[in-house]
Every structure is written in C-alpha cells, then in structure tokens.
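Engineer: sequence and computational prediction follow.
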Amino acid sequence: MPQELVLGRITDFRENGSVIIEAGVPNLDRAINRKYSKVLIAFKDGRRISPEQRSKAYALIKEIAEWMGDAPQATKETMKLEFRLNRMEGMARRAFSLSDVDMNTAADFITYLIDFIVENDIPTSEPLYRYAEDVGKYVYACTMNKKCCLCGRPAELHHCEGSRIGMGADRKEVNHLGRSVLPLCREHHDRIHQQPERIFFEKTHLIPVTADKAVCRLYRLKE
C-alpha cells in the first residue's frame, strides 16, 4: 500500500514507451528519512464522459429503477456505490459524477450496469447490445448467463464459421475449447443460419467470444 498519495503530471513522453513525471512530496525530510525510492503510478484518463455515454448510463439506470420500483436518482446513487465497491480498486475507488467523470470510468460503469441487467434478467425497452461500450464483455456476460445477446431470451450456443462441428461428429466428444461462439435464442439461432454470418455481424455489430474453460463447463462441453 502507498505511504503517501500525491498528484503529479506527465511532462514528457519518450519513444521507448517511458514517461517523465513531476510530482512534489508533502514533506521532503520525511521522504528522505523513509528512503522513498519506488512509486505506484495510476494514469488518469484526461477525457471527459461523452454525451452519448451519459445518455446510455441514464437510460440503463431508468430501466433498473423501473424494475426495482425506485426513483431513478436513488437508483443512480445505489448503482454508483455498488460499482465503486465491486469494480473500482485502490486509488481509483472514489466518488464520481456523471456530469464530468472520465471517459474510461464511464465506460466501465455502463458495462457494470449492463452486467447487472443481464444477471438479474431485467427487461429493457431497447436491446442491450446497443448500449454496450465493450461489445466483447457484453457478449461474454450473455454467454455466462445463457441469455441471447440480441433479445435477452434463454440462449443456446451458436458455433461461428470456422468453429462449427462437422457433419456426423458427436458434439459431446469434440473439443470446444477455443471455438468462436455466440449465445442466441432459438429464433435468432435459426435466423443466423439463413444468411451469411458476415451480414449478420455487420448489421448487429456483435462479435463472438472464445469458449474458455468457464464457458465449456457451464454448457457441459468437452474441453
């Protein structure tokens, strides 16, 4: 854990990937006495939340509030607190406002709200993938909760082109680890087979996930 926290600034970027940082110390004598030689650095995103991100966050909070039967303002504060406790770490665990939070934290908060909705099967007026800041994380959350990444209904795994099981092969005996998959309900699973996958992904902007050990075990697939 850090002994003292100070705010510094980057004064130069080097071609080798290093940076020059200037930072003061609260007490020079104490710093010398304690033989400070190493520092823990947390880079702060200098970009502010975008209007699009803010709209996404409030739309998701509204959906959660309606499901909870609570006021949006109270729900917002509850979700912000739970996000800080469950997703933020160390020096980053601080109060923030959706009016001026940095862009990276805003994206992580939106992902947290989406995960909460998926895990609790909360109905939404718009498909969740349209709100996703990190589509890969969203699809993985749907996969692990067996939810269709298009509509939220119960899902089965679609094996994408290049990862499909050959005709006549026993799915129970084939190794599924590392294959590209997508969680889709029966209706959307049938629909994706009725068109080239490329067109499907271009329309939805979804991306498949790689079946890891957690996915294989959840769906009882051979690793």
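Structural biologist: Structure received.
Engineer: drop to CA atoms for contacts and neighbour counts, all remaining ones
Structural biologist: Fine.
Engineer: hmm, residue 6 is touching residue 22, no?
Structural biologist: No. Between residue 6 and residue 22 there is no contact under Cα atoms under 8 Å: 10.4 Å.
Engineer: now for residue 19: which residues touch it?
Structural biologist: By Cα atoms under 8 Å, 6 or more residues apart in numbering, residue 19 lies in contact with 10, 11, 12, 13.
Engineer: tell me which element the residue lying farthest from the centre of the chain is part of?
Structural biologist: Distance to the chain centre peaks in the chain at residue 29, reaching 43.7 Å (criterion: Cα atoms, centre = their mean). Taking DSSP states H and E as the definition, one finds residue 29 inside helix 28-33.
Engineer: so for that helix, mean pLDDT?
Structural biologist: Helix 28-33 carries an average pLDDT of 79.
Engineer: packing partners for the next helix or strand after that helix?
Structural biologist: Downstream of helix 28-33, the first helix or strand assigned by DSSP H and E is helix 51-68. Judged by 3 or more Cα pairs under 8 Å, 6 or more residues apart in numbering; DSSP states H and E, helix 51-68 is in contact with helix 72-86, helix 103-119.
Engineer: what are the phi and psi angles of residue 210?
Structural biologist: For residue 210, the backbone dihedrals (degrees, to the nearest 10) come out as phi -90, psi 130.
Engineer: list the contacts of it.
Structural biologist: Residue 210 neighbours (Cα under 8 Å, 6+ apart): 177, 178, 179, 180, 181.
Engineer: is residue 203 in a helix, a strand, or coil?
Structural biologist: Taking DSSP: H, G, I helix; E, B strand; the rest coil as the rule, one finds residue 203 in the helix state.
Engineer: now do it against residue 8, distance only.
Structural biologist: Per Cα to Cα, to the nearest Å, residue 203 is found 45 Å from residue 8.
Engineer: equivalent analysis for residue 38, please.
Structural biologist: Between residue 38 and residue 8 the distance is 14 Å, computed by Cα to Cα.
Engineer: ok, now residue 50?
Structural biologist: Distance from residue 50 to residue 8, counting by Cα to Cα: 25 Å.
Engineer: tell me which of those two has more neighbours.
Structural biologist: residue 50 (17 against 13; other Cα atoms under 10 Å).
Engineer: for the more buried one, give me the pLDDT.
Structural biologist: Confidence score, pLDDT, at residue 50: 97.
Engineer: so where's this protein shaky on pLDDT?
Structural biologist: By pLDDT under 70, the low-scoring segments of the chain are 1-3, 90-92, 162-173.
Engineer: can you list the domains in it?
Structural biologist: Per the record, the chain has its domains at 1-41, 51-130, 144-218, by automatic domain parsing.
Engineer: quick one: closest of these to residue 137.
Structural biologist: For the domains of the chain, the distance to residue 137 is smallest for domain 51-130, at 7.7 Å, taking Cα to Cα.
Engineer: and that closest one, how far from the chain's centre?
Structural biologist: In this view, domain 51-130 has its centroid 11 Å away from the chain centroid, taken as Cα atoms, centre = their mean, to the nearest Å.
Engineer: for stretch 120-134, same thing?
Structural biologist: 12 Å.
Engineer: tell me which residues of it are tucked away?
Structural biologist: Neighbour counts over stretch 120-134 (16 or more other Cα atoms under 10 Å) mark 123, 124, 128, 129, 131, 132, 133 as buried.
Engineer: any idea what residue 159 is bridged to?
Structural biologist: Here residue 159 sits in beta bridges with residue 181, going by DSSP bridges.
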